[in-house]
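Colleague: no sequence for this one, just the structure:
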């Protein structure tokens with residue numbers, strides 16, 4: 001008997017202990033009579049909506065083909081044994097990128113060997129890039145290990161990313177079927193056109209692409225990369241520098257103080273570790289900038305969507321405008337809302353943000369532990385300085401992502417749009433009493449749509465782990481305990497009760 005068969009047998013055996021008589025009799029009853037029933041051809045009503053459509057589950061994205069634990073294990077193995085998985089890395093990246101990573105891999109091996117030969121070298125200078133390479137490799141392995149990546153390379157792009165449920169919905173929203181009478185502006189003139197969800201979303205997508213993305217956080221990532229790469233040299237220079245004789249020292253003497261070891265092995269070690277730190281840290285911050293750019297694009301989608309029912313904002317944004325004066329318009333509005341929320345990369349960015357959050361959490365816990373161990377000598381360690389720079393940069397990016405995510409969620413969950421449309425319906429009832437019954441139906445549908453959105457929408461969460469109450473409470477207790485211990489040790493007072501602000505950090509509404 002195989003392992004799975006034995007497992008199923010044990011589960012059935014355990015479950016039989018609390019089985020009642022009616023359950024046993026039900027199992028013995030022949031319920032296969034359905035197979036002999038006559039069947040007729042059926043079809044799904046395309047003019048109705050499902051709760052999955054409002055929630056956004058209709059537009060499913062690529063899912064991982066293995067549990068995250070298995071993907072993490074695969075990522076670690078494929079990084080540690082990089083030369084043996086070189087062809088796999090070429091398939092998921094490119095030949096040039098894989099070759100550069102291979103060079104960094106052998107440089108890491110050389111750095112470990114030189115670390116054993118260079119006296120006084122800091123462990124963080126060699127093990128920091130090693131941990132960063134493992135982290136980046138694991139994240140990339142989780143991103144590329146999706147079910148959609150298993151499709152043949154010759155398939156069309158739409159078929160690789162569109163599930164059967166999405167195809168049926170897209171067919172239901174064909175331009176010849178569901179359409180809304182929208183107002184568009186051409187050279188300042190107001191015109192009407194019947195448009196579908198796909199056409200409106202295409203216009204919004206074009207407007208989002210035309211918005212120039214700022215370079216602020218990319219520059220910030222470059223500054224943080226340079227700071228972390230040059231931090232060991234500044235740290236060694238500060239240790240051996242006499243401020244009284246600073247003006248009399250030449251650049252050559254300052255360089256000698258920064259290296260403090262003057263043999264060939266030491267120079268090779270510092271050159272290799274510096275190149276590694278620049279490449280790997282730069283790649284990590286570039287990854288964070290990609291996540292920030294994606295969150296910004298999500299906010300733009302939400303911004304343009306919120307402008308659809310406002311004539312002034314729609315004209316200013318150069319997008320179509322329509323009112324929720326018909327039940328069909330409300331259905332199109334809800335469909336468009338769910339469609340835009342699922343546009344763009346989802347799971348890959350969530351993996352990146354989760355990694356940033358967990359890394360910031362781990363570094364914060366290590367800093368708290370170091371401060372508790374001996375806060376008097378905390379700043380005398382190069383590793384602690386690096387951890388503080390990492391923590392500050394990660395917190396900046398997390399605050400930015402939390403702000404963008406919260407604003408996006410507020411724009412999609414803004415009930416003032418539906419309330420305004422209800423007021424417009426009452427104004428139309430006053431002007432057209434003969435259509436009062438029809439407008440009342442639309443008004444009731446708007447009320448139901450408002451309730452449904454409140455029921456299905458959840459607060460913006462920065463990390464999926466917050467959904468699990470056990471992990472959330474455990475992490476909150478551990479972090480608050482560590483922070484409380486540090487504050488009580490350094491400042492002399494205790495933090496007894498977690499404030500509501502700590503809960504707001506975890507669940508940002």
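Modeller: Nice, I can see it. Quantities reported herein were computed from a predicted structural model and do not represent experimental measurements.
Colleague: Can you tell me the SS state at residue 214?
Modeller: Per DSSP: H, G, I helix; E, B strand; the rest coil, the local secondary structure of residue 214 is coil.
Colleague: Just give the number of residues close to it.
Modeller: 11 (other Cβ atoms under 10 Å). All C-beta spots, glycine's among them, are computed from the backbone N, C-alpha and C.
Colleague: How about residue 441?
Modeller: The number of residues packed near residue 441 is 12, by other Cβ under 10 Å.
Colleague: give the contact list for it.
Modeller: Contact analysis of residue 441 by Cβ atoms under 8 Å, 6 or more residues apart in numbering lists residue 327.
Colleague: Run through the helices of the stretch 51-200 of the chain in chain order.
Modeller: 51-55, 68-80, 86-92, 95-117, 123-144, 157-161, 164-172, 197-210 (DSSP state H, counting those that start in this stretch).
Colleague: buried set for the fourth one?
Modeller: By neighbour count, with 16 or more other Cβ atoms under 10 Å as the criterion, the buried positions of helix 95-117 are 98, 101, 104-105, 107-108, 111, 114-115.
Colleague: what's the angle from it to helix 123-144?
Modeller: If you take axes from the mean of the first three to the mean of the last three Cα atoms, to 10 degrees, helix 95-117 sits at 150 degrees to helix 123-144.
Colleague: Show residues contacting helix 95-117.
Modeller: Identification of contacts with helix 95-117 by Cβ under 8 Å, 6+ apart yields 82-83, 86, 89-90, 93, 121, 123, 125-126, 129-130, 133, 265, 268-269, 272-273, 275-276, 279-280.
Colleague: ChimeraX command to pick out the buried ones of those?
Modeller: Here the buried members of these are turned into a ChimeraX selection, burial being counted by 16+ other Cβ under 10 Å:
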select :82,86,89,121,125,126,129,130,133,269,272,273,275,276,279,280
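Colleague: Next, count neighbours for residue 69.
Modeller: Under the neighbour criterion other Cβ under 10 Å, residue 69 is assigned a count of 8.
Colleague: where does it land on pLDDT?
Modeller: For residue 69, the pLDDT comes out at 82.
Colleague: how close does it get to residue 76?
Modeller: Noted for residue 69: a distance of 11 Å to residue 76, by Cβ to Cβ, to the nearest Å.
Colleague: Residue 396 versus the spatially most central residue of the chain, what's the distance?
Modeller: By Cα atoms, centre = their mean, the mean C-alpha position of the chain lies nearest to residue 350, the distance being 2.3 Å. Between residue 350 and residue 396 the computed distance is 20 Å (Cβ to Cβ).
Colleague: Could you double-check that residue 384 sits in contact with residue 378?
Modeller: Yes - Residue 384 sits in contact with residue 378 when judged by Cβ atoms under 8 Å, with a separation of 5.4 Å.
Colleague: what's the overlap in contacts for these two?
Modeller: Common contacts of residue 384 and residue 378 (Cβ under 8 Å, 6+ apart): residue 370.
Colleague: just the strands in this protein please.
Modeller: When assigned using DSSP state E, the strands of the chain occupy the ranges 180-186, 189-195.
Colleague: can I get the ones you listed in CSV with mean neighbour count, distance to residue 409 and mean pLDDT?
Modeller: Conversion of these to CSV gives the following (neighbours: other Cβ atoms under 10 Å; distance: least, Cβ to Cβ, whole Å; pLDDT from 0 to 100):
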stretch, mean neighbour count, distance to residue 409, mean pLDDT
strand 180-186, 17, 25, 86
strand 189-195, 12, 26, 86
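Colleague: For residue 412, which of the ones you listed is the nearest?
Modeller: The closest approach between residue 412 and any of those, judged by Cβ to Cβ, belongs to strand 180-186 at 18.9 Å.
Colleague: ok now that closest one, how far from the chain's centre?
Modeller: Mean C-alpha position of strand 180-186 versus that of the full chain (Cα atoms, centre = their mean, to the nearest Å) differs by 34 Å.
Colleague: same for it, what does it pack against?
Modeller: Applying 3 or more Cβ pairs under 8 Å, 6 or more residues apart in numbering; DSSP states H and E, one finds that strand 180-186 contacts strand 189-195, helix 311-317, helix 327-341.
Colleague: Could you say which of these is packed most deeply?
Modeller: With neighbours taken as mean count of other Cβ atoms under 10 Å, the helices and strands packed on strand 180-186 reach their highest mean count in helix 327-341, at a mean of 20.
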